[in-house]
Every structure is written in structure tokens, then in C-alpha cells.
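[1] Curious how this folds, go ahead:
(one chain, ligands or ions: 1)
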Amino acid sequence: MDKKRLELHRGDITGLKADAIVNAANTSLLGGGGVDGAIHRAAGPDLLAECRELNGCNTGEAKITKGYRLRARYVIHTVGPVWYGGYRNESEQLASCYSSSLRLAREYKLKSVAFPGISTGIYRFPKELAATIAVNETKRFLMKNSLPEKVIFVAFDDESYRIYSSLLKA
Ligand code: ADP
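    Got it, this is the predicted structure:
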């Protein structure tokens, strides 16, 4: 796989001009705190209206909506696992968030997709392990698929930026 297909961006995901940005949603898909709240504020009320029609989403799965006022054409909503110490299949569920989101991107023929650190905020998943899973699962998918062409990992804080930098260099 060409390493140029993986990028790192520092800052706010809501302003990114990718074909899709991924939302760290909860099972209701009706909005929440963290990146979810920020995406809904930036996209405007039509996003919530479309989300209401989706009847929620299971942990580890993903659903897609339009991006409305965002620069991104689509939002892929995925529900990460809450971290309970690693005894409840959290790693497999987190990997599934990335693969499910990437499969939707491929289905919609999207060229670029940006991910925040799913589950690493309110859901308390350890950042280092989460980033390792994110990068490994994404590489595995890109090796087998030509779409999306590019995946952008968005680090909102310095610690995440440092972790992703070293993983992407390796
Ligand atoms: P979760 O409930 O899945 O843990 P959070 O939204 O609480 O979701 O956090 C997920 C990650 O997104 C955290 O690393 C947090 O720092 C980051 N984050 C929060 N706001 C933004 C934003 N506007 N852009 C990018 N990342 C963000």
C-alpha cells in the first residue's frame, strides 16, 4: 500500500474538505457531546433531521448521511465502544468501526475520508491502543481496496498527534 494514502491532520475535523468526515456518534444517532456535538453544530439542523430517520446504530457499525452545511459531502456516523478495561471486546468493536466506515466510503465511491479518534474522548478508550487499531485496520482495508484513495486521521490534541505521527512513520 502507498503510504501517501494515509495523512495526519491536527485540529478540528468539522472544517475539513474531505468527501466524508466520520462522526464518533452514540447508538441513538441523535447527537451528543465532543466531536458529535461539534459536527451537528457545524452541519446545521438538517443533519439531525436525517439522523432521526435512521433508527440508531449498533456499536461497531456505521451509517451515512449528507453533510449539509459542512465542507464534507457526507458524514459517516459510527458508534465506538465504551472502554471497560478491555474485557468486553472493545478492540474488535473499535476495529469494526473503521472497517464498517471504510466499506460505506467504498460503496459511495468516496475518494477521501477523515476520522477522529473514535472512542478516545468521553468513551475513555486508551489513545495509544485506539490509534494502533485505527491505523492497522485502515491499512488492512486500503491494501485490498482502491477506494477510498485517501484516509486522514484527525488529531485534536497534542498527545494524539504525537501518537499518530510515530505510528504513521513506522
Ligand atoms: P467518544 O464518545 O467516541 O469517545 P468524543 O467526541 O468524546 O467521542 O471523542 C472522540 C475524539 O474526538 C477525542 O479524541 C476528542 O479529543 C476528539 N474531538 C473532539 N472534538 C473534536 C473536533 N471538533 N475535531 C476532531 N476531533 C475532536
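
[2] Could you check how far the residue in the chain sticking out farthest from the centre is from the ligand?
    In the chain, the greatest distance from the average C-alpha position (Cα atoms, centre = their mean) is reached by residue 87, at 22.7 Å. Per Cβ to the nearest ligand atom, to the nearest Å, residue 87 is found 18 Å from the ligand. Yep, even glycine has a C-beta here, placed from its N, CA and C like the rest.

[3] what does residue 46 give?
    19 Å.

[4] Please identify the helix or strand for that residue.
    helix 45-52 (DSSP states H and E).

[5] Same question for residue 153.
    strand 150-155.

[6] re the thing from before, from the rest of the structure, what touches the helix holding residue 46?
    Outside helix 45-52, the residues within contact range by Cβ atoms under 8 Å, 6 or more residues apart in numbering are 29, 30, 31, 39, 40, 65, 66, 67, 68, 69, 75, 77.

[7] For this structure, what lies in contact range of the ligand?
    Within the chain, the residues that sit near the ligand (Cβ under 6 Å from any ligand atom) are 12-14, 24, 34-36, 38, 80, 116-123, 154, 156-157, 160.
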